[in-house]
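In: missing the sequence, but the structure's below:
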Ligand code: RIB
């Protein structure tokens, strides 16, 4: 599978503590040794996509510091084209402080750093350079608002399919809905967007996704963790795709990024939305088996093998 994919998003260095449980407000928990991993939702998705067989160009920013140089070396080593990563003076590379508990659940605080300094001009330059190149664009919202808007508008103007991972669910999403992005929120983000749009009361995942899909005129894919994904088509009709059973959940950090990277890579390669979601969900399940967002992100052969043994039923 060789879809061409332009990924725009955050690159971070992740500082991770594995602890028995997550701290509450004002509480200290003591864990094991500090681990340092490559992270950032955009960079993680780019790695997942390239490992799954896509060609990937990455658009983002790092600071002129050691974290930034390491992050770029890691992306380059994966085979990702990083010519459109801007090095920002006087601002640090993004960093995430992460605690992971014994069930693999996490808590994350991000210092956006250079990710917040990506400009509309940076994006415009990268999109112009990519003219005629990508089969699909993937953008996540851990970067400046102006960058997110430029990506979705630029993709729309060029007729490129655009997957918008609203993580986090920032308010500018409202103004982008008429540009028909394919939204991939998790359940919490879906809830936030539903309320941003004036939704009231206790909507189900199905009804909130349907409201959003009818509004965008595009599919909405809701990631549901261990419950897989819900794919809602542009008419509001939903299909649930269960997750592959995972016997060893060590760290769920980056599972959503893995889904987004593989799902969008499949769309870029011309797969239909349900096949793309099935492949994404399978890759995400494989990605939680070791610590670190990218450590167990699978290659195409591992996804193929898991799909061959899985019993994915689409009701
Ligand atoms: O989705 C996981 C990512 O969120 C981590 O890698 C961290 O950097 C934060 O951006």
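Out: Good, I have the coordinates. The shown structure was predicted, so the numbers you read here are calculated from the model rather than taken from an experiment. Numbers count the residues shown, from 1 in each chain.

In: Residue 54 against residue 3, yeah?
Out: Yes - A contact is recorded between residue 54 and residue 3 when judged using Cβ atoms under 8 Å, the distance being 4.8 Å. Bear in mind the C-beta positions are built from the backbone N, C-alpha and C, glycine included.

In: quick one: strands adjacent to the helix or strand hosting residue 61?
Out: Residue 61 is located in strand 55-63, with elements delineated by DSSP states H and E. The sheet places strand 55-63 alongside strand 4-8 (parallel), strand 81-88 (parallel), with pairing taken from DSSP bridges.

In: Show the subsequent helix or strand relative to the strand or helix carrying residue 264.
Out: Remark: residue 264 resides in helix 255-268, with elements defined by DSSP H and E. Scanning forward in sequence from helix 255-268, with DSSP H and E defining helices and strands, the next element found is helix 273-286.

In: For that following helix, name the packing helices and strands.
Out: Helices and strands touching helix 273-286, by 3 or more Cβ pairs under 8 Å, 6 or more residues apart in numbering; DSSP states H and E, are strand 220-223, strand 229-232, strand 238-241, helix 255-268, helix 300-309.

In: Just give me how far the last one sits from the chain centre.
Out: Yep, that's helix 300-309 we're talking about. The gap between the average C-alpha position of helix 300-309 and the chain average comes to 21 Å, counting by Cα atoms, centre = their mean, to the nearest Å.

In: State the mean pLDDT of that helix.
Out: For helix 300-309, the mean per-residue pLDDT is 94.

In: Touching that helix from outside, list them.
Out: Contacts to helix 300-309, defined as Cβ atoms under 8 Å, 6 or more residues apart in numbering, come from residues 1, 51-53, 244, 262, 278-279, 282-283, 285-286, 298.

In: Which one's more surrounded, residue 54 and residue 3?
Out: When residue 54 and residue 3 are compared for neighbours, residue 54 comes out ahead with 28 against 22, by other Cβ atoms under 10 Å.

In: Show me the helices in the stretch 51-200 of the chain, by range?
Out: Counting by DSSP state H, counting those that start in this stretch, the stretch 51-200 of the chain forms helices over residues 66-77, 120-129, 145-158, 173-176, 187-196, given from the N-terminal end onward.

In: Out of these, which gets nearest to the ligand?
Out: helix 66-77 (10.4 Å; Cβ to the nearest ligand atom).

In: where does the residue nearest to residue 261 when sequence neighbours are not counted fall, helix, sheet strand or coil?
Out: Nearest in space to residue 261, with sequence neighbours left out and distances taken as Cβ to Cβ, 6 or more residues apart in numbering, is residue 48 at 3.0 Å. With DSSP: H, G, I helix; E, B strand; the rest coil as the basis, residue 48 sits in helix.
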